[in-house]
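In: sequence plus predicted model, see below.
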Amino acid sequence: MKAIEHAHFGRLDIGALRETDVVWQSTVQLGAGEVEVRLWAGPSSEPGAAELDALAARLTEPPALDAAARTALRAYLDEDRSFIDFHVDELEDSETVGRLVREAAGEEVGAGAFVAAMRLNGIELWLSGPSDESPVMLDYVFEPELSDQILVVRVAADGAVASVDWES
């Protein structure tokens with residue numbers, strides 16, 4: 001079995017993987033809550049120290065990572081309101097939607113207010129994953145008890161936001 005030792009992630013056993021799976025998980029503190037973090041690897045993953053160090057570096061300042069992602073979310077939603085409109089239309093009985101609509105005072109719910117109501121649901125780290133250019137994925141949700149829709153902020157190894165994608 002192939003194992004790798006890393007200062008942040010500890011011992012990672014990746015040699016026995018037959019399919020992509022979580023090889024490490026933990027939580028990071030963000031505000032008053034915790035966010036689950038998972039490190040994924042596949043059977044062909046052969047991470048080096050530099051790749052693991054780059055991923056670990058993304059976890060050193062969760063508030064800064066979250067702030068950069070939220071800036072990208074606001075820009076995305078300012079350009080395309082579909083995600084906001086979908087939730088306002090589909091979740092009209094939601095207390096949060098009701099509050100946002102009231103606060104908008106007859107105007108459209110703004111991207112800033114909507115993003116502020118979203119929650120970071122998880123951070124996924126990928127070793128040689130689905131996109132080598134964006135190995136960090138932050139999953140943002142709105143009313144997760146009522147909606148399975150997610151906005152994923154993809155972040156490059158250097159911390160730059162690469163894209164925002166609507167998934168479900």
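Out: Perfect, I can see it now. Numbering: from 1, shown residues only.

In: what sits against residue 44?
Out: By CB atoms under 8 Å, 6 or more residues apart in numbering, the contact set of residue 44 is residue 128. Backbone N, C-alpha and C define where each C-beta goes, glycine included.

In: quick one: it and residue 20, what's the gap?
Out: 10 Å (CB to CB, to the nearest Å).

In: repeat that for residue 105.
Out: Distance, residue 105 to residue 20, by CB to CB: 47 Å.

In: how about residue 67?
Out: Shown here: residue 67 relative to residue 20, a distance of 29 Å by CB to CB.

In: over to residue 34?
Out: Taken as CB to CB, the span from residue 34 to residue 20 is 24 Å.

In: one more: residue 70?
Out: For residue 70, the distance to residue 20 (CB to CB) stands at 28 Å.

In: same question, residue 122
Out: 16 Å.

In: before we move on, what about residue 46?
Out: Relative to residue 20, and taking CB to CB, residue 46 is found at 14 Å.

In: neighbour count winner among the two?
Out: Between residue 46 and residue 20, counted using other CB atoms under 10 Å, residue 20 has the larger neighbour count: 16 against 12.

In: next, the contact list for the more buried one, please.
Out: 40-43, 129 are the contacts of residue 20 under CB under 8 Å, 6+ apart.

In: cutoff 7 Å now
Out: 40, 42 (CB atoms under 7 Å, 6 or more residues apart in numbering).

In: same question for residue 30.
Out: By CB under 7 Å, 6+ apart, the neighbours of residue 30 are 62-63, 66, 120.

In: separate out the buried members of the residues you listed.
Out: 62, 66, 120 (16 or more other CB atoms under 10 Å).

In: got TSV for the residues you listed, with distance to residue 145, pLDDT and secondary structure too?
Out: Listed next are the buried ones among the contacts of residue 30 as TSV, based on distance: CB to CB, whole Å; pLDDT from 0 to 100; DSSP: H, G, I helix; E, B strand; the rest coil:
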residue	distance to residue 145	pLDDT	secondary structure
62	23	94	helix
66	21	96	helix
120	16	97	strand
